[in-house]
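Q: prediction below, plus the sequence it came from.
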Amino acid sequence: MSDPVIHNLVDAQFVDKYRHCLDHGWFQEDRTGVGTYATHAAVMRFDCQFGQMPIISLRGILPEKFQHEMHWFVSGNTNIKYLRDNKVGIWDSWFIKGTDKYDEPRIRRRTCQQRIDLSCTTLENTEAIQKFIERRIEISGIGGPERLSLLPGRSSKQVTYSNLADADIHEIHKFLDQFGVARVYEFWDAVEGDTLTTQERIELAIQTGKVYMVVPFLHGFHPGGGREPYEYLDFKHPNIASNFGFDRDQVDGFNHILDYSGIPRRRNVPKRLSLKRRLARLSKNREHEWSRIIGAIMMGEDDPAETKTVPVVVFRNGKFEDDILNNAQVERVEKLLDFFGINAWPLLEADIGAGGYGAQWRKWQDWQVVSNADNAVPSFSDYIKQGYLKWGEIQPEFTTLGHSVMHRSIDQLQNCIDTLRTNPDDRRIIVTAHNPGRTWQAALPPCHLYFQFTSQVLTMAQRVKLLKYKHRDDVELPQGGAGSVDEYLDKQDIPRRGLNCFVLLRSSDLPLGAVFNVAQYAYLLHMVAHVTNHAPMELVTVGVNAHIYLNQVDAIKELIWRDSDGDFDARMVINGKFDNIDDIKFSDVEITGYTHGPFMDIPVAV
């Protein structure tokens, strides 16, 4: 096999780290149970001048994934709803238990009256239900608080039964089971931007053959009711008036009826997760649950009548491995997952915790206990000057001298931006996500835990190169010496300083995490440079524990023998002029010139 052709330095550095890790890495156990080949301090350097973006091209990745994640970090938010809304699932497996909410149906129990109404769709059904209720009343004779009304399907005559006991209602419920109207029903509330109108819901009921459930409820409704019409509806039914205006209460009533009939209020009703995706929510450290699941899979393993068609990944013999299940096995496993409380619906939102990236970058919580003594150093007033506010006091016993509890919230990222504007030669332009007092409050303690900006003065030659890139070489510099050229470059909005970024990662998953981290910190470098009037220069990353998981080895061995894309020229363009980094949105940024090889499925270790 001939050596692969590597056309760009981005791919070359990743291939170099992959080869080194496979050839010289040591085996290491890890929290996921998968195992890794690990190396120490993997250093990579990337040129980010002229908008360059260091995105791997040996395989395809979706830039919008790392873009949205970085905007999420910058926002200071720790709830993954923004990511979920933008179809980014990077954090779906790491969140604080109990903060997760799912796009699952709400369950409601139908009353006996509601089930009767939905069952009385024909005169035959109505007469059968009427006879059963009357016979039940005759047999029971107990009496109770319940009241039921019977509206025959093809008659305007209403029959009402009073004083029904709980035992009567229970027996009537059992009788109604034969008409196919379940005692409980699922429905989805409407969500913003995805709401069906009442008319659309009626038409959906017609399309699905459920309009017959609605018709009995409409007897007795008088369109408009003498009040101002709220909505005009057409039930497209011979016995129902069409295109009449109904008041708001009536429309609300129709919508509740449609709920009972199983008609959703949303256009896009979510589907249950596949068994494979649902099992992925069960972490490897839940050994008891996995042992029961493996036992359920082994039951009927050799049954020749069952065809295996459902692919899954299970944790067996200390590692994750592929398997294929038959329908009987699937049913048993699904029931176990229900019992274990593993949700079967798409994740809507969850929180990664107060120790997560956004909270530490933008809202680092700083608490101090300060002596109230007059001669205390630092003094109480010193804390006030640093932005602290007094939250309370601690009064020790047997003494009149107490302590004040002081607090401030630190926006590390904004502090970096302000320093780059006012004191760019400072060597402390740093953001750290590692907060020892908060790591226990993070679903996953930050991996890329530290980054630092370094500003440098650009030479005239470097500034001229920036000008030529901006105008695609079509420039003519003024005569008259360096002062005239600098003044001309200033008028052309060419920065006088360049910006570098250094990133430290305590743990770096080379095939997956490192690829995203490199691209997204280059993305951040470009944004910070933009709002501080710098030119992006160089990104340097150091992965302290840089590793490849054992279940990624085969994919990486294939990847390092690929030729890289010869047309690769990924660049980042920010459309518009922004002074505030929070004002730069995903829609304001373009990634151009990104070409790549085939996409590759590389497993993530949870």
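A: Cool, got the structure. Residues are numbered from 1 along each chain as shown.
Q: can you give me the strands in the stretch 501-606 of the chain?
A: For the stretch 501-606 of the chain, the strands defined by DSSP state E, counting those that start in this stretch cover 534-549, 571-574, 589-592.
Q: run through the residues that contact His20.
A: 39, 42 (Cβ atoms under 8 Å, 6 or more residues apart in numbering). Where C-beta positions appear, they are placed from N, C-alpha and C, glycine not excepted.
Q: give me the buried positions along the helix or strand hosting it.
A: Element membership for His20 (DSSP states H and E) is helix 9-24. Across helix 9-24, burial judged by 16 or more other Cβ atoms under 10 Å covers 10-11, 13-15, 17-18, 21-22.
Q: with stretch 465-476 instead?
A: For stretch 465-476, burial by neighbour count (16+ other Cβ under 10 Å) applies to 465-467.
Q: got those as CSV, with secondary structure, distance to Ile584 and pLDDT columns?
A: Listed next are the buried residues of stretch 465-476 as CSV, based on DSSP: H, G, I helix; E, B strand; the rest coil; distance: Cβ to Cβ, whole Å; pLDDT from 0 to 100:
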residue, secondary structure, distance to Ile584, pLDDT
Lys465, helix, 25, 91
Leu466, helix, 20, 92
Leu467, helix, 24, 91
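Q: what's the burial count for Gly543?
A: The number of residues packed near Gly543 is 28, by other Cβ atoms under 10 Å.
Q: over to Ile410?
A: With other Cβ under 10 Å as criterion, Ile410 counts 15.
Q: quick check: beta-bridge partners of it?
A: Trp364 (DSSP bridges).
Q: show the model's pLDDT score for it.
A: The score at Ile410 is 96. That number is its pLDDT.
Q: returning to that earlier point: report the distance from the helix holding His20 to the chain centre.
A: Its chain's C-alpha centre and that of helix 9-24 lie 31 Å apart, by Cα atoms, centre = their mean, to the nearest Å.
Q: now stretch 531-546
A: 26 Å.
Q: what does stretch 551-562 give?
A: In terms of Cα atoms, centre = their mean, the centre of stretch 551-562 is found 28 Å from the chain centre.
Q: try stretch 181-188
A: Computed by Cα atoms, centre = their mean, the chain-centroid distance of stretch 181-188 equals 28 Å.
Q: before we move on, what about stretch 110-124?
A: With Cα atoms, centre = their mean, you get 41 Å for stretch 110-124.
Q: show me which residues of that stretch are buried.
A: Per 16+ other Cβ under 10 Å, stretch 110-124 contains these buried residues: 110, 112, 114-121.
Q: and stretch 159-170, end to end?
A: Length of stretch 159-170, first residue to last, Cα to Cα, to the nearest Å: 20 Å.
Q: which phi and psi values does the residue nearest to the spatial centre of the chain adopt?
A: Against the mean C-alpha coordinate of the chain, by Cα atoms, centre = their mean, the closest residue is Arg84 at 2.8 Å. Torsion angles at Arg84 (phi, psi; degrees, to the nearest 10) stand at phi -60, psi -40.
Q: run through the strands of the stretch 1-150 of the chain in chain order.
A: 26-28, 36-47, 101-102, 106-109, 146-150.
Q: nearest to Ala443, of these?
A: Ranking these by proximity to Ala443 (Cβ to Cβ) places strand 101-102 first, at 15.0 Å.
Q: partner strands of the closest one and their direction?
A: strand 347-349 (antiparallel).
Q: tell me the mean pLDDT for the strand it pairs with?
A: 92.
Q: contacts for that strand?
A: By Cβ under 8 Å, 6+ apart, strand 347-349 touches 79-81, 84, 92, 99-103.
Q: quick one: which of those has the most company?
A: Neighbour max across the contacts of strand 347-349 (other Cβ under 10 Å) = Ile80, 27 neighbours.
Q: part of a helix, is Glu321?
A: No: in this structure, Glu321 is strand, not part of a helix, as judged by DSSP: H, G, I helix; E, B strand; the rest coil.
Q: if I look at it, how far off is Trp290?
A: Plainly put, Glu321 is 12 Å away from Trp290 if you go by Cβ to Cβ, to the nearest Å.
Q: please say which of those two ends up with more neighbours.
A: Using other Cβ under 10 Å as the criterion, Glu321 and Trp290 rank with Trp290 on top: 17 against 12.
Q: after the strand or helix carrying that one, next one along is what?
A: Using DSSP H and E, Trp290 sits within helix 287-298. Following helix 287-298 in sequence order, the next helix or strand is strand 308-316 (DSSP H and E).
Q: buried sites along that next one?
A: 310, 312-315.
Q: repeat that for stretch 562-580.
A: Along stretch 562-580, these residues count as buried under the neighbour rule (16+ other Cβ under 10 Å): 562, 564-565, 568, 570, 572, 574.
Q: how far does it stretch from start to finish?
A: 41 Å.
Q: so what touches it?
A: Taking Cβ under 8 Å, 6+ apart as the rule, stretch 562-580 contacts 4-8, 10-12, 50-55, 57-59, 522-523, 526-527, 530-531, 584, 588-597.
Q: for the closest residue to Lys81 other than its chain neighbours, list each beta-bridge partner.
A: Spatially, and ignoring its direct neighbours in sequence, Lys81 is nearest to Glu349 (3.7 Å; Cβ to Cβ, 6 or more residues apart in numbering). The partner list for Glu349 in beta bridges (DSSP bridges) reads Lys101.
Q: how about the contacts made by Ala42?
A: By Cβ under 8 Å, 6+ apart, Ala42 lies in contact with 17, 20-21, 508, 510, 514, 542-543, 546.
Q: at 7 Å what do you get?
A: Contacts for Ala42 (Cβ atoms under 7 Å, 6 or more residues apart in numbering) come out as 17, 508, 543, 546.
Q: right, and the last one touches Asp509 too?
A: Put plainly, it is Ala546. No: here Ala546 does not reach Asp509: they are 8.5 Å apart, not a contact under Cβ atoms under 7 Å.
Q: so those two - more neighbours on which side?
A: Neighbours per residue (other Cβ under 10 Å) separate Ala546 from Asp509, with Ala546 holding more: 28 against 23.
Q: tell me how far that one lies from Tyr18.
A: Ala546 is 10 Å from Tyr18, by Cβ to Cβ.
Q: now the helices for the stretch 151-300 of the chain?
A: 166-176, 198-207, 211-218, 248-260, 275-279, 287-298 (DSSP state H, counting those that start in this stretch).
Q: understood, closing this out.
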